[in-house]
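Sequence and predicted structure, then a few things I'm wondering about:
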Amino acid sequence: MNALAINNFISDNCKNRVRPMMLRDVKTEALLVFCRTALERYFIKIDEAKYTATVGDDKDTTYVYETLRGLLLNLQDSVVNVDYFIELMQSSKKSPLFRPLAKSEEPLINYYDVMAKVTRDHYETEPAFLPEFLIICVLDNWISGEERSVELYPFLKDIDFLELMSKFEENREYFAKEDECTVRGIHQLSDKITIALKNYRYKANKNRVSKNRKKK
């Protein structure tokens with residue numbers, strides 16, 4: 001019953017979750033959690049506002065946003081989002097049943113938090129802009145720039161991230177704000193995010209002793 005409850009808890013957020021065994025692959029999973037969360041929030045926001053995002057001409061716009069919506073569907077099927085983390089932490093405080101799962105998810109949560117903090121700090125004094133382009137850049141940096149394996153997520157191999165980026169690059173002037181190139185700024189933020197994730201080293205808290213062990 002416990003195993004069934006845990007499986008149902010996970011599947012409610014992600015039907016066919018892929019869970020890596022190696023920490024280096026958990027970093028890639030965390031990056032995809034970051035991407036899923038950002039894309040979900042972005043598309044929910046523009047869909048609710050009935051806003052039509054554009055990049056260049058109609059052909060380029062269709063290519064970019066249909067590709068991103070397809071990517072989101074695959075991410076929703078294979079990785080969790082930040083809401084899962086929040087619900088898991090809340091559940092683990094209420095029930096011992098969820099504590100082993102919460103413990104096992106610590107590396108993933110920590111890796112995600114590293115990227116989230118970089119993003120929050122960057123946008124502390126200004127609104128987020130072109131989150132979809134940020135996701136494209138982050139994925140290209142990680143997969144091509146850092147040469148990280150995506151064997152666990154084969155759908156990523158079908159996406160030409162350089163081609164997607166080129167659609168925004170070709171329209172830099174359109175996206176400029178107050179004579180500032182936002183495209184260049186997003187590239188810089190993308191570099192910060194991937195470097196922070198690459199350099200972060202997860203360390204388990206080996207000194208923590210459970211309350212049950214203390215009683216003994």
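Looks like it came in fine. Bear in mind the structure is a predicted one, so any value in this text is a computation, not a measurement.

Count the residues that sit near R148.
Applying other CB atoms under 10 Å, we find 19 other residues in the vicinity of R148. In this view, the C-beta of every residue, glycine as well, is placed from N, C-alpha and C.

Just to be sure, it is in a helix?
No. Residue state for R148 (DSSP: H, G, I helix; E, B strand; the rest coil) corresponds to coil; a helix is not indicated.

Quick check: the gap between V33 and I195.
Counting by CB to CB, to the nearest Å, the gap between V33 and I195 amounts to 18 Å.

Same drill for these two, tell me which one is more crowded.
Between V33 and I195, counted using other CB under 10 Å, the more crowded position is V33 (24 against 14).

Just say helix, strand or coil for the more buried one.
Following three-state DSSP, the label given to V33 is helix.

From K192, how far out is it?
With the distance defined as CB to CB, V33 ends up 18 Å from K192.

what do you get for N141?
Computed as CB to CB, the N141 to K192 distance reads 10 Å.

do E146 as well
Shown here: E146 relative to K192, a distance of 14 Å by CB to CB.

Ok, F34 next?
Spatial separation of F34 from K192 under the definition CB to CB is 13 Å.

Chain neighbours aside, what residue packs nearest to the residue nearest the centre of the chain?
Relative to the mean C-alpha position of the chain, the nearest C-alpha, by CA atoms, centre = their mean, is the one of F34, at 1.3 Å. Once its chain neighbours are removed from consideration, F34 has its nearest residue in M115; the separation is 4.9 Å (CB to CB, 6 or more residues apart in numbering).

The one you found reaches I195, doesn't it?
No. Here M115 does not reach I195: they are 10.4 Å apart, not a contact under CB atoms under 8 Å.

returning to that earlier point: can I get the helix or strand harbouring the residue nearest to F34 in PDB? Just the C-alpha atoms.
M115 is part of helix 106-122, with elements assigned from DSSP states H and E. Listed in PDB are the C-alpha atoms of helix 106-122, where the atom choice follows Å, rounded to 0.1, in the frame of the first residue of the first chain:
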ATOM      1  CA  GLU A 106      17.500  15.800  -2.200                       C
ATOM      2  CA  PRO A 107      20.200  15.800  -4.900                       C
ATOM      3  CA  LEU A 108      17.600  16.700  -7.600                       C
ATOM      4  CA  ILE A 109      16.000  19.400  -5.400                       C
ATOM      5  CA  ASN A 110      19.400  20.900  -4.600                       C
ATOM      6  CA  TYR A 111      20.500  21.000  -8.200                       C
ATOM      7  CA  TYR A 112      17.200  22.700  -9.200                       C
ATOM      8  CA  ASP A 113      17.600  25.200  -6.400                       C
ATOM      9  CA  VAL A 114      21.000  26.200  -7.600                       C
ATOM     10  CA  MET A 115      19.500  27.200 -11.000                       C
ATOM     11  CA  ALA A 116      16.500  28.800  -9.500                       C
ATOM     12  CA  LYS A 117      18.600  31.000  -7.300                       C
ATOM     13  CA  VAL A 118      20.700  32.300 -10.200                       C
ATOM     14  CA  THR A 119      17.500  33.100 -12.100                       C
ATOM     15  CA  ARG A 120      15.900  34.800  -9.100                       C
ATOM     16  CA  ASP A 121      19.000  36.900  -8.400                       C
ATOM     17  CA  HIS A 122      19.200  37.900 -12.100                       C
END
